[in-house]
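**Q** show me how the following folds:
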Amino acid sequence: MKVPPASNDRADLLARLTGPAGPEISCEECFEQLDLYVELELAGSDAEAAVPGMRAHLEGCLSCAEDRESLHALLVSESGSDA
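**A** As a prediction, this is how the structure comes out:
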């Protein structure tokens, strides 16, 4: 017997299917702006204001989100090795 998803699961699924309410960028735009976005995040700046739609794209695109995580980890490790 299949158990229906909880209401939070349904809301999450619906949000992923319909996409973000605000602006979203493409994978190509994400790739072009990812360095800037992550550098601003690490600097404590408002990266979303500088690259509108990036956060929404990263929430909906696993591939680009993985690229962001890898770049973030690389930059953190590089800055830690300089200290």
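
**Q** quick one: contacts for the most centrally placed residue in the chain?
**A** For the chain, residue 58 is the residue whose C-alpha lies nearest the centre (Cα atoms, centre = their mean; 2.5 Å). Neighbouring residues of residue 58 by Cβ atoms under 8 Å, 6 or more residues apart in numbering: 30, 64-65, 68. C-beta here means a position set from N, CA and C on the backbone, and glycine is covered the same way.

**Q** same thing but 10 Å
**A** 24-25, 30, 34, 37, 64-69 (Cβ atoms under 10 Å, 6 or more residues apart in numbering).

**Q** which of these are buried, as a PyMOL select command?
**A** The buried subset of the contacts of residue 58, as determined by 16 or more other Cβ atoms under 10 Å, is captured in PyMOL by this line:
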select buried, resi 24+25+30+34+37+64+67+68
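
**Q** how much space between residue 43 and residue 9?
**A** To residue 9, residue 43 is 36 Å away according to Cβ to Cβ, to the nearest Å.

**Q** now swap in residue 39 and tell me
**A** 35 Å.

**Q** look at the two and report which has more neighbours.
**A** The residue with more neighbours, out of residue 39 and residue 9, is residue 39; 15 against 10, by other Cβ atoms under 10 Å.

**Q** does the more buried one touch residue 68 like I think?
**A** No. Using Cβ atoms under 10 Å, residue 39 is not in contact with residue 68, being 11.6 Å away.

**Q** what does stretch 31-41 contact?
**A** Identification of contacts with stretch 31-41 by Cβ under 10 Å, 6+ apart yields 25-26, 30, 45-51, 53-55, 57-58, 64, 67-76.

**Q** identify each buried residue in the longest helix anywhere in the chain, please.
**A** Ranked by residue count under DSSP state H, the longest helix found in the chain is helix 62-82. Of all the residues in helix 62-82, those buried under the rule 16+ other Cβ under 10 Å are 64, 67-68, 71-72.

**Q** that helix - contacts with which helices or strands?
**A** If you count contacts as 3 or more Cβ pairs under 10 Å, 6 or more residues apart in numbering; DSSP states H and E, helix 62-82 packs onto helix 27-43, helix 54-60.

**Q** so which of these gets nearest residue 80?
**A** Nearest to residue 80 among the helices and strands packed on helix 62-82 is helix 27-43; the distance by Cβ to Cβ comes to 11.5 Å.
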